[in-house]
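Engineer: Show me the folded form of this:
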Amino acid sequence: MDDHVMSDHVRKLLQGAYDLHIHSAPDVRPRSVNDFELAERFTKAGLKGFAIKAHYAPTSDRAFLLGLKYPHLKVAGGVVLNSTVGGVNPIAVETAARLGGKFVWFPTVDAKHDIDRLKNNVPIMVDMELKLEKMGMKPFGITIFDDDGKLIPEVHFIIDIINEYNLIMVTAHLSHEEAFALVREGKKRGVKKMLVAHVDWKGTFYTVEEQREFIKLGAILEHAYATTFVPHEELCVQMKELGPEHFIISTDLGMVTLPAGKNTGFYTQGQAPYPDEGMALYVEILLKNGFSDQEIRKMIVENPEILLS
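Structural biologist: Coordinates of the predicted model:
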């Protein structure tokens with residue numbers, strides 16, 4: 001996408017901001033920007049930092065190396081608990097933590113709750129799983145529940161590791177039942193940083209009342225520019241009702257093209273903006289919908305800094 005022209009007002013609001021949900025290269029599918037290009041773009045735009053997320057590979061080491069090259073940026077990585085790291089695997093979390101990772105994303109594209117929908121509607125997101133299933137492998141699908149609907153023991157070990165290293169626990173693509181069970185257990189065990197991802201994503205959409213329940217449990221809620229399946233203006237109404245202090249704004253960008261089609265879960269379609277452009281576009285949306293500068297800075301600067309602290 002051609003560089004988005006930011007107004008002086010938007011550029012000022014973005015100074016020191018963070019995007020805690022970016023998919024950059026290297027990755028198993030094409031990305032619009034690699035790690036170094038992303039760091040250069042954030043530096044140029046005056047943003048403070050970002051989190052690198054990859055569905056199939058840990059990113060703690062990439063974040064560490066970027067931090068050496070760009071010490072003025074705060075770059076965070078972590079691990080997504082998909083099949084490539086053994087699923088809900090405590091040793092993968094321990095490893096990510098020792099490498100300086102900040103995030104533990106529970107299953108995303110391999111989540112039992114969402115994988116069938118992705119296979120049918122956005123197959124590019126699970127093309128490796130589809131390939132292996134056609135070769136005769138058992139179908140993919142990870143849950144954090146046992147056969148009785150209770151959290152598996154590995155979740156408890158992971159929560160304890162998250163506590164030990166003060167990591168950020170993210171619900172990712174879990175079902176509503178799993179996400180609430182995870183956050184409730186996190187609260188019970190004293191997890192300080194819990195993030196409910198994709199409250200606006202087709203596979204995980206949460207009502208205002210459900211979001212309010214997560215807030216009561218101490219979680220922060222995420223709205224992402226790329227992956228909402230409802231108009232951003234509607235989400236602004238929700239954020240105003242619940243309070244900007246409970247949200248972070250991210251982009252989930254790095255895609256070259258946003259998938260088209262009513263069942264994909266992408267409200268915005270076509271060529272994707274770069275992550276820094278997506279942040280600018282979201283700030284413009286917030287301004288148009290009556291958010292003050294202070295409220296916007298709360299969601300793009302202050303709340304992300306609290307998570308990363």
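Engineer: ok, the residue sitting furthest away from the middle of the chain - contacts?
Structural biologist: In the chain, Gly136 marks the outermost C-alpha relative to the chain mean, sitting 31.3 Å out by CA atoms, centre = their mean. Listed by CB atoms under 8 Å, 6 or more residues apart in numbering, Gly136 has no contact partners. Using the backbone N, CA and C atoms, a C-beta is placed for each residue, glycine as well.
Engineer: Wasn't it part of a strand?
Structural biologist: No: counting by DSSP: H, G, I helix; E, B strand; the rest coil, Gly136 is not found in a strand; it is coil.
Engineer: got the contact list for stretch 26-46?
Structural biologist: Contacts for stretch 26-46 (CB under 8 Å, 6+ apart): 1, 6, 11, 14-16, 19, 22-25, 48-50, 52, 54-57, 62, 66, 69-70, 72-73, 75, 124, 127-128, 253-256, 272, 274-276, 280.
Engineer: Also stretch 282-302?
Structural biologist: 7, 9-10, 13-14, 16-18, 48, 223, 225, 232-233, 236-237, 239-240, 244-245, 247-249, 251, 279.
Engineer: Narrow the contacts of stretch 26-46 to those in helices?
Structural biologist: 11, 14, 62, 66, 69, 127-128, 275-276, 280 (DSSP state H).
Engineer: pLDDT score assigned to Met1?
Structural biologist: In this model, Met1 is scored at 45, pLDDT.
Engineer: which of the ones in helices among the contacts of stretch 26-46 sit farthest apart?
Structural biologist: The distance between the two most remote of the ones in helices among the contacts of stretch 26-46 (CB to CB) is 38.9 Å, for Arg11 and Met128.
Engineer: rewinding a little: export the ones in helices among the contacts of stretch 26-46 to CSV and append columns for pLDDT.
Structural biologist: Listed next are these as CSV, based on pLDDT from 0 to 100:
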residue, pLDDT
Arg11, 97
Leu14, 98
Arg62, 98
Leu66, 98
Lys69, 98
Asp127, 96
Met128, 97
Pro275, 98
Asp276, 98
Ala280, 98
